Structures are given as C-alpha cells and as structure tokens.
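Colleague: got a predicted structure here, sequence first:
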Amino acid sequence: MFHKGQAFLTVLIFTSFAGFCSATSNATCPSVSPGAPGFARCWDTGAMAVYETKYNISTQEQCCNLCSRDALCTLWMWYWTTPMGRKINQKTCFLGKGTKEVRDHPNTCSTGEISSHDRPNYPRPPHPPVSCTNPAAKTSSSPRASSRPTILHIVADDLGYNDLGYVNPVSQTPWIDHLRSCGVHLDQYHTFKMCGPSRGAMLTGRYPFHFGVYSNQDINSNGIPANFTYTPQILKDGGGYLTHAVGKWHNGFRMKEMAPTYRGFDSYFGYWHCCSDYWTHSLGGVINQANCSGNSFVADFNTQGNYSAFLYAAETGRIIDEHPVEKPLYLYLPFESVHGPIEAPPNYVAMYDGKVNDTTRKTFSGMLTAMDDSVGHVIGRLQAKGLWDNTLVVFTSDNGGPLGSANNYPLRGGKFTLWDGGVRVVGFLGGPLLYASKGTTFTGLAHASDLMPTILEAAGVPMPELPHDAVPVDGVSLWQAITKNLTSPRTEIVHQILNQFNLRDCSTTTEQNCGAAIRVGKYKLLAGYPGDSRWVQLPAMQGGDRLLRGFDGDGCNITTGHNCSCWHGYCLFDLEADPTEHHDLSAQLPDVVATLLHRLEQVSGTGTQGAHLCGDAATTDATELQESIKRNNAYLPYTSFAPWLNNITAPSCYNPAPVA
C-alpha cells in the first residue's frame with residue numbers, strides 16, 4: 001500500500017502486433033506500418049513460453065522471418081505515461097536485456113495506442129481426468145525416484161473464499177477443483193489479513209508478530225529478519241531435498257540474506273514486491289523480476305511480454321524436466337494471480353462472454369482460469385517425469401480476496417480486514433499422496449504457520465531444534481489429524497495482537513496497523529476496528545478513494561471512529577453458530593469476552609520489535625534503493641547485512657502513540 005508522499009505507479013501503454021508465421025511463406029503476417037525498433041518474441045505454443053527474443057525489430061514481417069515456422073510471433077514497442085495517464089514528453093523505450101533509450105518525441109516508441117485485447121492469446125492444456133487416477137497418463141514412477149514425496153506448494157494471491165469453480169460454478173477452474181476433490185479440504189484454514197505476513201508465516205512456521213511483521217508496511221520497509229529458518233532449508237538439511245521457488249516473494253529483499261536463495265532455495269525466479277504488471281513484470285516503471293541461484297542475483301529483462309501465470313508454469317516445468325529423480329523435490333509456486341493489476345490474456349477473458357457482466361470481475365475470472373491452466377501444465381510435467389504418483393499438493397490463498405474484485409461471500413469483509421472474509425481462506429491438501437482420503441473435509445482449526453511442520457512430517461523430515469532462531473515455532477503439524485481424521489491439535493488462532501506496533505484503534509487513514517483478533521475454540525474476539533465490515537455479493541463494489549476521504553467502504557470514518565464496528569470496544573462471535581459474523585454476542589457473554597481478552601493480552605506480551613526501518617535508517621535506505629535502481633534498472637538486493645536487534649521497546653514508525 002502506498003503512503004502519503006510516495007509516488008504512485010506509472011502506467012504502461014504499449015503497442016503489439018501478433019500473428020502466426022506461415023509454414024510456407026510470410027503472406028499471413030499482418031501488414032503494419034514500420035515503427036521504432038522494439039523487440040520480437042517467438043512463442044512456443046506448446047510450452048506457453050518464449051523460446052527466443054529478437055531485438056531491433058520494427059515490422060511484423062521481420063518478426064515472422066526470425067521466428068520458427070508455425071510459431072506465434074509478437075512484436076512489442078512500449079512507452080510510459082504518468083500516473084494520471086498524461087503523456088510525458090520523453091519516452092523510455094525498452095529494447096531488451098536492460099537496454100533503454102530515452103527519446104524526446106512522444107510517439108517515438110510506438111505507432112499508436114491499442115487496447116489490452118491486442119495482447120497474444122495462449123493455448124490451453126488438456127482437461128483434468130474425471131477420476132482421481134488417470135491410467136492414460138504416464139505416471140509410473142521412475143525406479144530411481146526418491147522415496148520421499150515431491151511437494152508442490154501452490155499459493156494463490158488474493159483469492160476469494162467463493163472464487164473457485166467448486167463453490168462458484170461460473171468460474172472455470174477444473175484443475176484446481178480436481179485437486180481438491182481428490183484431496184482433503186481444510187474448512188477452517190486461516191492466514192493473516194494481507195500478503196507478506198502470511199507468506200512469512202507459511203515459510204517460517206511463526207505468527208507474523210513473532211518475526212516483527214505487523215503489516216505489509218514492515219515487509220515493504222525492511223523484510224523478515226534473517227535469523228529465522230525457512231521450510232526449504234530444513235527440507236534440504238534433513239531430507240536431502242532440492243528446493244526451488246517460482247513466483248511472488250514479498251518477504252523482503254533489501255539484503256541478500258533476505259532473498260530466497262539465502263533462505264534454503266536452490267533457485268528463485270520471480271518478483272520481489274507485492275505486485276507487478278503481468279506482462280512487463282515491472283513496478284512503477286522498474287523491472288521487479290529476477291533470476292537467482294546461490295549468491296547470484298540477475299534482473300530479468302528477457303521475459304517481458306510473457307503473461308506471468310504461464311511464465312511461472314513454464315519455468316516450473318523446466319525445473320521438473322531437469323530434476324534428478326533420485327533427489328526429492330520441493331517446489332514453492334506462489335502465483336501472482338489473482339492480485340491486481342487485474343489483467344488476463346484476451347482469450348481467457350472471452351471465455352466469460354455472456355456469463356459475467358462486470359468488466360473487472362470478467363477479467364478477474366479470466367485470470368482465475370489462466371492460473372488454473374498453469375496448474376494443469378505443472379501437473380502434466382510431473383506426470384511426464386514420473387514424479388506425480390508420489391506428490392503432495394498444498395494449495396492455499398495468502399489472504400481473503402479484496403472486495404473490489406474477488407468474492408468472499410457469504411463471509412464478512414475481505415483482504416486487509418480481521419473479519420473472516422480476510423483471514424479464513426481456501427486451503428486443501430491434494431495429489432496422489434492424499435487419494436486415500438479423497439473427498440473429505442477437515443473441520444479442525446488450521447493456520448498458515450502450521451504448513452511448515454505439516455509439510456515436514458509429510459516429507460518424513462523431523463523438526464530440528466533451531467537454536468539460532470529468534471523465537472520458537474508457533475505452528476503445529478496437522479498431518480496425522482488430516483490423514484487419520486483426528487481432532488486438530490490447534491485450539492486457538494491469534495490473528496493480531498496489541499502493542500505499540502499495532503494499536504487497538506486506528507489513528508490514521510489506514511487500518512493496516514490497528515485492530516486485533518483472537519479465536520479460541522468456537523469464539524472469536526475482535527478488539528478495535530477490524531476493517532471494512534461489509535458482506536459483498538458480486539458484482540463487487542469498488543473500494544473508491546477511501547484512503548483519501550478517510551472513510552472505509554462500510555461508512556466507517558477511521559479517523560474518528562464514527563460508524564465503525566467494535567471501535568473503542570470489542571465484538572464477540574460464535575463462529576460455529578454464526579460463521580458469517582452477523583450477531584455480536586459481547587453484551588450477552590461478558591465472561592467469554594473477559595477470558596479471550598485475557599488470553600489476547602498474554603499473547604500480546606510475546607510480540608517482537610517491528611521489523612520496519614525508522615528515522616535516519618529509513619532515509620539512508622531509501623537513498624540506497626534509488627541508487628541501486630539507477631545502477632541496475634531493476635529492483636535487486638542493495639544493502640549490506642545488518643543484524644535484527646529485536647528491541648521490543650523500540651519506537652514504531654507507523655503508530656507512535658502509546659497503547660490505549
């Protein structure tokens with residue numbers, strides 16, 4: 001989230017020409033007027049990926065001449081506009097491999113503006129099997145294959161509770177639906193209310209407030225401190241796994257010690273920040289994507305023009321194809337989909353013609369199906385490699401969907417809120433390793449921090465002592481409970497605590513760092529404003545300019561508290577009887593309120609220092625970042641390692657007021 005004083009994103013306008021190159025001649029190439037040199041993409045329509053890039057190309061005929069026969073050839077020429085869409089006088093022309101030219105004439109880089117519907121279409125994978133076995137697929141395991149399971153950990157970004165096809169028949173997500181129907185649905189799976197903290201919880205096994213992250217602001221300012229061990233490191237050390245991450249990181253990248261390849265991953269290909277353009281992989285006009293292995297961090301300028309879901313599926317497929325089967329494999333695949341910006345290939349948007357009228361929701365639906373096809377592509381590669389029969393799939397969202405595009409109904413609220421629409425999300429375990437439990441639902445409590453110990457037990461890797469980590473692991477293994485239909489070992493979930501880094505009541509025009517919540521058994525206590533309290537049915541209502549006018553979408557004035565749920569007080573819900581949080585029981589059950597509040601106060605005392613940077617450190621850091629961007633034309637790690645002091649008495653940049 002951007003804050004006052006920060007620059008907003010620039011907007012990319014681009015021109016592209018696409019067509020199939022004829023097997024016999026260039027007669028079928030579209031005729032276009034020559035433009036300034038751009039670059040051509042030669043698409044492998046089977047792998048849904050670029051296989052070659054050609055530079056200084058200005059016509060579609062040249063594009064077809066340089067790509068192989070029957071390939072899809074796409075010519076790109078781009079330029080930038082200001083945040084409000086006003087053209088700037090100088091254009092930055094991306095020519096590939098990090099080369100840029102700034103030209104004075106507004107139209108130097110293109111021959112005109114066209115809509116996103118002129119972006120290339122993509123082929124689709126086969127439909128998933130009807131049953132939970134697929135005799136037609138080549139799924140026999142290699143005789144040299146490791147006895148430890150392949151683990152495919154998929155994270156969807158900003159996926160709504162009611163978005164997938166198994167609950168919303170308008171959505172076309174057959175592969176994900178198939179995985180769920182052949183696995184175990186986690187009915188009470190919970191995360192943090194926003195992206196970065198949830199991802200940290202999944203990979204470290206801790207509540208976010210135990211690694212100093214109270215909101216995305218802590219991730220964006222600094223990141224998850226380096227003295228926490230991640231799941232892939234334990235899998236490598238204890239199980240001999242090869243580990244790879246492809247997609248969204250959002251756990252910090254200031255210093256190399258925060259990067260994936262310093263946290264247990266053998267390789268990483270993806271983007272650092274909260275979000276990127278799906279086609280250019282840039283944020284604010286700066287390349288936000290990198291290719292990393294070991295201590296090498298290389299900005300990726302070579303995949304612009306690839307839609308991210310297919311790009312990440314293709315890279316994951318390449319890793320699978322090259323994987324030595326005698327080694328166990330852990331794949332962490334956090335898709336960009338379906339986080340904003342809301343962008344999808346035109347043929348995927350067209351699939352919802354006559355089915356979805358709202359423009360934003362229609363494109364969002366196309367994004368869902370594109371992600372689903374990408375999941376199918378990865379499964380196909382695992383089958384072809386002979387790894388699928390011994391695979392565990394973990395599928396979750398990172399938080400509830402935003403009310404402007406996703407569908408959390410009938411749950412209350414959405415992303416950025418402590419209502420269940422923000423923290424109770426889609427989650428299931430699937431794949432052949434769970435076929436014995438196919439079609440079942442696990443109703444016990446589950447949290448993102450439980451994924452680390454659960455994955456480790458499924459892999460047969462014991463949880464180590466981790467003596468150098470700052471705090472103990474919060475998560476508990478659910479593997480036995482899930483596979484044997486036992487009671488969940490988890491009895492409470494702490495959604496957020498109260499201290500100087502997170503206040504009960506909001507004091508600014510953002511609710512990121514205020515409000516707390518805890519669930520014990522069937523009861524959930526909300527302390528302070530939980531965020532936008534609406535129940536939103538589709539077509540979803542847009543969030544509007546709430547941060548500028550000081551009002552949330554539910555009419556709450558978050559600077560005064562007027563019309564704000566739970567403000568200066570508490571709300572209590574029985575989630576077994578009232579899962580949609582309609583009936584506040586705080587007045588009827590004061591003893592329950594007191595019990596949960598006492599527990600919340602206890603846990604709040606265990607919170608750690610906010611990981612964000614303050615004062616001179618923040619100023620110096622911002623300067624170093626800008627200098628790095630000028631050097632690299634991209635986001636890359638840019639500062640030296642500094643140990644985390646974990647001073648719980650340190651001041652908060654975002655909430656300087658004392659705890660009420």
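Modeller: Structure's in. What do you need?
Colleague: low-confidence regions, the stretch 1-150 of the chain specifically.
Modeller: The stretch 1-150 of the chain contains residues with pLDDT under 70 at 1-122, 134-143.
Colleague: again, but for the stretch 401-550 of the chain
Modeller: 507-511, 539-550.
Colleague: for it, just list every one of the helices.
Modeller: With DSSP state H, counting those that start in this stretch as the criterion, the stretch 401-550 of the chain has helices at 420-423, 451-458, 479-484, 546-549.
Colleague: please identify the most buried of those.
Modeller: helix 420-423 (a mean of 30; mean count of other C-beta atoms under 10 Å). The C-beta positions use only the backbone N, C-alpha and C, and glycine is treated the same way.
Colleague: follow-up on the earlier one: could you dump the helices of the stretch 401-550 of the chain into CSV and include distance to residue 326?
Modeller: Shown next, in CSV, are the helices of the stretch 401-550 of the chain (distance: least, C-beta to C-beta, whole Å):
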stretch, distance to residue 326
helix 420-423, 41
helix 451-458, 20
helix 479-484, 24
helix 546-549, 53
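Colleague: and these: which comes nearest residue 217?
Modeller: Residue 217 sits nearest to helix 546-549 of all these, at 13.4 Å, using C-beta to C-beta.
Colleague: the very next helix or strand once past the closest one: partners in the sheet, and parallel or antiparallel?
Modeller: Along the chain past helix 546-549, the next helix or strand (assigned with DSSP states H and E) turns out to be strand 570-574. Counting by DSSP bridges, the strands paired with strand 570-574 are strand 523-527 (antiparallel).
Colleague: what does the partner strand rub up against?
Modeller: If you take C-beta atoms under 8 Å, 6 or more residues apart in numbering as the criterion, strand 523-527 is touched by 418, 420, 498, 504, 515-519, 565-566, 570-575, 581, 592-593, 596-597, 600.
Colleague: for residue 262, which of the helices of the stretch 401-550 of the chain is the nearest?
Modeller: Here helix 451-458 is closest among the helices of the stretch 401-550 of the chain (C-beta to C-beta), at 17.7 Å.
Colleague: now what about the closest one, what contacts it?
Modeller: Contacts of helix 451-458 (C-beta under 8 Å, 6+ apart): 149, 151, 153, 202-205, 231, 234-235, 238, 392, 394, 396, 433, 462-463, 473, 475-480, 482.
Colleague: keep only those of these that are in strands.
Modeller: 151, 153, 392, 394, 396 (DSSP state E).
Colleague: what's near enough to touch the residue nearest the centre of the chain?
Modeller: For the chain, the residue nearest the mean C-alpha position is residue 157 (3.6 Å; C-alpha atoms, centre = their mean). By C-beta under 8 Å, 6+ apart, residue 157 lies in contact with 195, 248, 334, 335, 336, 337, 338, 339, 397, 398.
Colleague: if we can go back for a sec, what would the ones in strands among the contacts of helix 451-458 look like in CSV with neighbour count?
Modeller: Converted to CSV, those look like this (neighbours: other C-beta atoms under 10 Å):
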residue, neighbour count
151, 26
153, 21
392, 22
394, 23
396, 25
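Colleague: tabulate those residues (CSV), appending distance to residue 161 and pLDDT.
Modeller: Shown next, in CSV, are those (distance: C-beta to C-beta, whole Å; pLDDT from 0 to 100):
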residue, distance to residue 161, pLDDT
151, 25, 98
153, 20, 98
392, 23, 97
394, 18, 98
396, 12, 98
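Colleague: specify which member of these is nearest to residue 217.
Modeller: The closest of the ones in strands among the contacts of helix 451-458, once distances to residue 217 are taken by C-beta to C-beta, is residue 396, at 22.9 Å.
Colleague: just grab the bridge partners of that closest one for me.
Modeller: With DSSP bridges as the rule, residue 396 is bridged to residue 155, residue 427.
Colleague: next, count neighbours for residue 127.
Modeller: 10 (other C-beta atoms under 10 Å).
Colleague: where's the spatially closest residue to it that is not a sequence neighbour relative to residue 128, distance?
Modeller: Among residues not flanking residue 127 along the chain, residue 174 sits closest, at 6.0 Å (C-beta to C-beta, 6 or more residues apart in numbering). Residue 174 is 5 Å from residue 128, where distance means C-beta to C-beta, to the nearest Å.
Colleague: what is in contact with these two at once?
Modeller: With C-beta under 8 Å, 6+ apart, residue 174 and residue 128 have common neighbours residue 376.
Colleague: picking that back up, verify the contact between the residue nearest to residue 127 and residue 165 for me.
Modeller: Yes: the pair residue 174 and residue 165 qualifies as a contact (C-beta atoms under 8 Å) at a distance of 6.7 Å.
Colleague: next, the angle from the lengthiest helix in the chain to strand 391-397.
Modeller: The longest helix of the chain (DSSP state H) is helix 359-385. Put simply, helix 359-385 runs at 170 degrees to strand 391-397, going by axes from the mean of the first three to the mean of the last three C-alpha atoms, to 10 degrees.
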